[in-house]
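Visitor: give me a model of this one.
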Amino acid sequence: MSKKSLILLAGLLTVAVTAGCGSISFGEQTTEDSSDKVITGYLVENADSYVTLGDYDGLEVERPIYTVSDEEVDMEVENRLYDNYQYLDVERPSQDGDVLTADITATIEGESAPTFSETDYTLDLGYGELGSDVDEQLMDCNVGDHKTFSVTFDDDAWYEEWIGKTVNFDITITNIQEVIVPEYDDSFVETLGFDSKDAFEKSIREDLEKTYAEQSTYDTRENVLLAAMENCEFNGYPDKLYDYCAESLRERYRSFAEAFGMSEEEFYEASDMTDEDLEDEILEDINRKLFVSALCNAENIQITESDYTAYVEEQYVLWQYETTEDFVQDYGKEYLLWNIYEEKAADLLLSKADITDVLTAMDDDWDLDEDDGDDDDYDIEFVDGDDLDIEFDEDEDDFEIEYDEDETDKTDDELYDNLGIFYDFLDDFSEDEN
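Guide: Sure, this is the predicted structure:
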């Protein structure tokens, strides 16, 4: 996954993980099977008792127009090349960029029980997963080599218990693989169904333009919703709504924590999230639902069964689900309906708004600052300084997210699949920035 792909996914993923959150309704639900039947029971009842709508005619709203640069096309070409890499077993000594398979035991000096013990552990050499000193020790090794050595870690240790400690490693190399990335030529693009590199790059540009247009639509809707909410007065909320929003948010963060082998408390600590921060997010979600409900009631915004069906048919393909049933089961009808209500509410507001198009590069809201401690690593952070603690390796054009190997039974592939959850987490930050 390249830097650009991560940035795009962070901005584009707008569906939060809600599976397992449960469901509540704020009124009576419609069960009749008719495409023209209006779905009711999902908006907050008596929302206008808790929110006074402000003036939402003529709101000044910016619509970001994202452009596709040649550099972005080139980066996506590189992504496709790396998506088609292969592993080749080699008999030569290990070198930077190889993937090692090894039996590893790591024990803090002075202790008897190891803090890390894995059989057939895969390690991307040069990536610094266990620390650059460990990688250095594993360079120029052969299959069957047995290495014992010690490393003293500083505050950047991969494993929290290793910080400031000397750790004794016992490692046996069981396999060495070279990562083979295909050459970018006509033969490669033909395997992807294109007649030439020009046709391939044209398709990439068109895909990016479509993606950017979708992002622009989402960002503009978000901008107008936030602008309208700023003109409102909120004066409380029903307890039922608070309980629902609080449980939904906590369940979402429990999902994030589980995906990375962390407890809920560890996740909050790693994210620098306080109880006050969590409460603020709950109240933001409450106010958003109150506003959307009040606006939909005031403007008679409704959702029919055919609206819902069309939305599901569109979204399940976008999110690469095999069936609409699987898609709805994962996200829940209630959550999907809220998305539709928000889109309809935003579109109505935009029809009354004063919209200004702003030519924008996709990276404008991001600041990729070089890490003073390592010329090859980058920290990604928003321009207001909220560090997301993701490190990019410039040479590998890749990213690193740390997780506690001893605290999860997930395989690397499963963790990689679960990055979709983390992208949703990034998107929550992105929404705050908007």
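Visitor: run the chain-centre distance for the top strand by length along the chain.
Guide: Counting residues, the longest strand in the chain under DSSP state E turns out to be strand 166-180. Chain-centre distance of strand 166-180: 30 Å, with Cα atoms, centre = their mean, to the nearest Å.
Visitor: return the list of strands paired to that strand, each annotated with direction.
Guide: Taking DSSP bridges as the criterion, strand 166-180 forms sheet pairs with strand 86-89 (antiparallel), strand 99-108 (antiparallel), strand 146-152 (antiparallel).
Visitor: return the most buried member of these.
Guide: strand 99-108 (a mean of 19; mean count of other Cβ atoms under 10 Å). The way it works is simple: take the backbone N, C-alpha and C, and place the C-beta from them, glycine included.
Visitor: what's in contact with that strand?
Guide: Identification of contacts with strand 99-108 by Cβ atoms under 8 Å, 6 or more residues apart in numbering yields 87, 94, 113-125, 130, 138, 141, 159, 161-162, 165-179.
Visitor: just stretch 198-215 next, same as before
Guide: Outside of stretch 198-215, the residues within contact range by Cβ under 8 Å, 6+ apart are 8, 11-12, 64, 66-68, 72-73, 76-77, 80, 189, 192, 194, 362.
Visitor: quick one: which of those sit in strands?
Guide: When DSSP E defines the strands, the subset of those inside them is 64, 66.
Visitor: of the contacts of stretch 198-215 - the most surrounded one?
Guide: Each of these was scored for neighbours by other Cβ atoms under 10 Å, and residue 11 scores highest at 25 neighbours.
Visitor: kindly state the pLDDT recorded for that one?
Guide: According to the prediction, residue 11 has pLDDT 34.
Visitor: for residue 168, same thing?
Guide: Turning to residue 168, the model gives it a pLDDT of 96.
Visitor: just to revisit the earlier point, farthest pair in the contacts of stretch 198-215?
Guide: Comparing all pairs in those by Cβ to Cβ, the longest separation belongs to 64 and 189, at 31.3 Å.
Visitor: which one of the strands paired with strand 166-180 lies closest to residue 273?
Guide: Going by Cβ to Cβ, the one of the strands paired with strand 166-180 nearest residue 273 is strand 99-108, 29.1 Å.
Visitor: what distance separates that closest one from the centre of its chain?
Guide: Centroid separation for strand 99-108 versus its chain: 29 Å, with Cα atoms, centre = their mean.
Visitor: name the nearest residue to residue 323, ignoring sequence neighbours.
Guide: When the adjacent residues along the chain are set aside, residue 323 lies closest to residue 316, with 7.1 Å between them (Cβ to Cβ, 6 or more residues apart in numbering).
Visitor: hang on, residue 60 packs against residue 350?
Guide: No: checked against Cβ atoms under 8 Å, the pair residue 60 and residue 350 is beyond contact range at 11.8 Å.
Visitor: follow-up on the earlier one: pull out the buried residues from the longest strand of the chain.
Guide: Burial within strand 166-180, assessed by neighbour count using 16 or more other Cβ atoms under 10 Å, is assigned to 167-169, 171-173, 175-177.
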